[in-house]
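Enquirer: Any chance you could fold what I've pasted below:
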Amino acid sequence: MVSKDQRRRQLAREKYARQQQRRTAAQHKARRRNAVIAGAVAVALAAGGAVYASTALIGGDRTSDAAGSHRPDDPCRTPAKGAPSQQTWKKEPKMSVDTSASYTVKLATTCGTIGLKLDAGKAPHTVNSFAFLARQGFFDHSRCHRLVDQGIHVLQCGDPTATGSGSPGYTIPDENLKDPRLKGGVYPAGTVAMANSYDGRDPKTRNSGGSQFFLVFQDSKLPANYTPFGTITGGMDVLRKIAAAGATAPDPQTGNTAPHATVVIDRATVTKS
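Expert: Numbers count the residues shown, from 1 in each chain. Have a look, this model is predicted:
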């Protein structure tokens, strides 16, 4: 006769086995889904909503490390003291950008400095919003939460929540989607573009950019759905260092990946000239 204690242990083993089976199944599903994203050479760049490859997915990344954490094998330094912004606004900031002026950005990150040049003439709403958010300190102390280096080669930043679903509370229109630099369905290395929630089908999901942007460090085949609003003028070596450190395993729920490196924007500054 089986004792109560033996029966309890048997039930516990069976429960553990079921949990392991479910966990393994979820991991396999995530790997298959991530392979679809990379294999379709489509985008996994959401801004607080759906993303699409060959199928619709839900955006957001698991972030197992806090913005201030640092591992011994991390190629980047410890973030500066400070907390990510919690500010939001009800509507897009008033247009104040000078479309004839030159705007440059300095992203002082834990991995090195990345320089950008913004194209206010071709993407005025996007540049106006980006400059506004930078001046409000919205990007400061925020973690770059997504790294994709299979099929496409991008680092995604601009979400203070580091979840992939953060936003400034408002959206901005898509712009400059017919830029000749995007010919052949390729975002060339050095492009700075906005992430958004366009699902690839419903026009109502257009014009859904917010604060999340991505930096292209190698030519990436993507549909022309993401506003190109600048170029990378310095720090490609920084981006390659981040990419070389690799990314986390796909999140079981989203299939998304975060950089292993602690990539935090300590401070973002915009200069008009």
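Enquirer: From here on, just use CA atoms for contacts and neighbour counts.
Expert: Noted.
Enquirer: Please name the nearest non-neighbouring residue to residue 260.
Expert: Residue nearest to residue 260 in three dimensions, not counting chain neighbours: residue 247, with 4.9 Å by C-alpha to C-alpha, 6 or more residues apart in numbering.
Enquirer: need the contact list for the one you found.
Expert: Taking C-alpha atoms under 8 Å, 6 or more residues apart in numbering, we find residue 247 in contact with 147-148, 257-261.
Enquirer: can you rerun that using 10 Å?
Expert: 146-149, 256-261 (C-alpha atoms under 10 Å, 6 or more residues apart in numbering).
Enquirer: same question, residue 96
Expert: Here residue 96 is in contact with 124-125, 127-129, 131-132 (criterion: C-alpha under 10 Å, 6+ apart).
Enquirer: Can you list the residue ranges for strands in the stretch 151-273 of the chain?
Expert: 152-157, 186-187, 191-194, 213-216, 220-221, 228-234, 264-272 (DSSP state E, counting those that start in this stretch).
Enquirer: Show me the one of those that comes nearest residue 171.
Expert: Nearest to residue 171, of all these, is strand 191-194, at 11.1 Å by C-alpha to C-alpha.
Enquirer: what's the most distant pair in the contacts of residue 247?
Expert: Top of the distance list for these (C-alpha to C-alpha): 256 and 261, 15.5 Å.
Enquirer: remind me which residues of the stretch 151-273 of the chain are low pLDDT?
Expert: 254-255 (pLDDT under 70).
Enquirer: now with 50?
Expert: Along the stretch 151-273 of the chain, no part satisfies pLDDT under 50.
Enquirer: Equivalent analysis for the stretch 1-150 of the chain, please.
Expert: Checking the stretch 1-150 of the chain against pLDDT under 50 turns up 28-43, 50-67.
Enquirer: can you give me the helices for it?
Expert: Using DSSP state H, counting those that start in this stretch, the helices of the stretch 1-150 of the chain run over residues 4-39, 124-135.
Enquirer: ok, back up a step: could you identify the most distant pair in the contacts of residue 96?
Expert: For the contacts of residue 96, with distances taken as C-alpha to C-alpha, the pair at the greatest spread is 124 and 132 (11.9 Å).
Enquirer: hey, what's in contact with both of these two?
Expert: By C-alpha under 10 Å, 6+ apart, the residues touching both residue 124 and residue 132 are 95-97.
Enquirer: mind putting the contacts of residue 96 in TSV, neighbour count and distance to residue 231 included?
Expert: Shown next, in TSV, are the contacts of residue 96 (neighbours: other C-alpha atoms under 10 Å; distance: C-alpha to C-alpha, whole Å):
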residue	neighbour count	distance to residue 231
124	21	15
125	23	16
127	23	12
128	21	16
129	23	17
131	23	15
132	19	18
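Enquirer: Nearest to residue 203, out of those: which one, please.
Expert: residue 125 (19.2 Å).
Enquirer: got a list of what residue 159 touches?
Expert: The contact partners of residue 159, by C-alpha under 10 Å, 6+ apart, come to 47-48, 84-85, 138-139, 142-145, 165-168, 210-213.
Enquirer: Repeat the analysis, applying 7 Å as the threshold.
Expert: Contacts for residue 159 (C-alpha atoms under 7 Å, 6 or more residues apart in numbering) come out as 142, 166-167, 211-212.
Enquirer: Tabulate those residues (JSON lines), appending distance to residue 200 and neighbour count.
Expert: Output for the contacts of residue 159, formatted as JSON lines (distance: C-alpha to C-alpha, whole Å; neighbours: other C-alpha atoms under 10 Å):
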{"residue": "142", "distance to residue 200": "28", "neighbour count": "28"}
{"residue": "166", "distance to residue 200": "20", "neighbour count": "21"}
{"residue": "167", "distance to residue 200": "20", "neighbour count": "21"}
{"residue": "211", "distance to residue 200": "20", "neighbour count": "27"}
{"residue": "212", "distance to residue 200": "18", "neighbour count": "27"}
